[in-house]
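> predicted model and sequence below, questions to follow.
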Amino acid sequence: MSHGPVVTLPAPPKVNLRLLVGPRQDDGYHPLRTLMVALDGPADRVTVARAAERSVSCPGIGGPANLAWAALDALEEEAGEALPALAVDIHKELPAQAGVGGGSSDAAATLVAADQVLGLGLGPERLERAAARVGSDVPFFIRGGAQWATGRGEVLEPATAPAFECVLVAPPAGLSTAAVYAAFDALPASSPDDHAAVPGHASGLADWCRNDLWPAARALEPGLPRLHRALVAAGAAPALLCGSGSALCGITADPDAADDLAGHMRRAAPDAAVLRARFPGG
């Protein structure tokens, strides 16, 4: 039973419009340069309330194994004191191991909601600092919008990207991020960053979007090329891997075209999760 305010926030997905990956460094990480955008549409819902003892409830992975638990630890560290116990309930709409950032988004929503429930007033900068302790993508979900991310993905710089409509298609089998990066390391090095400017209109994304992890992901999940071909045949321009996969994102400039694309993919891949989303631009 909750004691005091209850806060529920959406935890949206993201897509990496451009994901450039460098060779593995001595610390085991790969330097990244990626343009991430937060999508409007289906989202997880994260509810935080005071409780007699801490708990994190989430289908598939709850308790201390969930990133939301680590988010509460990071919040205490940032606040510099032990905080009252909180209960976190996560209602999932986003697929797991899909590359759309569901777990990171849940953790970020947990930080923001817990800050509100407890009246800490930490503000975005301190919440981002706490988020960086949880995972590389978590600070992005505190900011949202469009952001260039470098380093391990935690160094953010505001960006501008065109509005677009999209369809996310997640096959039943997810992909382990660690496995995808291991497969990436076994492949020839990616081509250098061309530093091409972000297009001003969605129609320019077809020639600009890039994901260096695509060859590794499709080698691990042989069904992905078929889904990619189906998206392109149905009008997606471009179709690209979401993060490290396994979801694909089909992009269009027109809402009606995206609705048609979603309908086509539900028929072409009935076992996949098909989510209609959009980026409002900015």
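Arrived safely. In this text the structure is predicted, and so the values were computed from the model without any measurement. Residues are numbered from 1 along each chain as shown.

> which residues in the protein form helices?
Assigned by DSSP state H, the chain shows helices spanning 67-79, 102-118, 123-134, 138-143, 177-185, 214-220, 224-233, 255-268.

> redo those helices as CSV? Include mean pLDDT, distance to D194 and mean neighbour count.
Just so you know, the C-beta spots here come from the backbone N, C-alpha and C atoms, and that holds for glycine as well. Shown next, in CSV, are those (pLDDT from 0 to 100; distance: least, CB to CB, whole Å; neighbours: other CB atoms under 10 Å):
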stretch, mean pLDDT, distance to D194, mean neighbour count
helix 67-79, 98, 34, 21
helix 102-118, 98, 28, 25
helix 123-134, 97, 29, 18
helix 138-143, 97, 23, 25
helix 177-185, 96, 19, 16
helix 214-220, 97, 16, 19
helix 224-233, 97, 22, 17
helix 255-268, 97, 28, 17
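
> with distance to P171 added, can I get the ones you listed in TSV?
Listed next are these as TSV, based on distance: least, CB to CB, whole Å:
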stretch	distance to P171
helix 67-79	23
helix 102-118	15
helix 123-134	27
helix 138-143	24
helix 177-185	14
helix 214-220	11
helix 224-233	6
helix 255-268	11
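
> next, the contact list for F164, please.
Counting by CB atoms under 8 Å, 6 or more residues apart in numbering, F164 touches 202, 205, 251-253, 278-279, 281.

> out of the helices of the chain, which gets nearest to A49?
Distance to A49, taken as CB to CB, is lowest for helix 102-118 among the helices of the chain, at 6.5 Å.

> CA atoms of that closest one as CSV?
C-alpha atoms of helix 102-118 as CSV (Å, rounded to 0.1, in the frame of the first residue of the first chain):
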residue,chain,number,x,y,z
GLY,A,102,13.1,0.1,-23.0
GLY,A,103,15.0,-0.8,-19.8
SER,A,104,17.0,2.4,-19.9
SER,A,105,13.8,4.4,-20.5
ASP,A,106,12.2,2.7,-17.5
ALA,A,107,15.2,3.5,-15.3
ALA,A,108,15.1,7.2,-16.4
ALA,A,109,11.3,7.4,-15.7
THR,A,110,12.0,5.8,-12.3
LEU,A,111,14.5,8.5,-11.4
VAL,A,112,12.2,11.4,-12.5
ALA,A,113,9.1,9.9,-10.8
ALA,A,114,11.0,9.1,-7.5
ASP,A,115,12.4,12.6,-7.4
GLN,A,116,8.8,13.9,-7.6
VAL,A,117,7.4,11.5,-5.1
LEU,A,118,10.1,12.3,-2.5
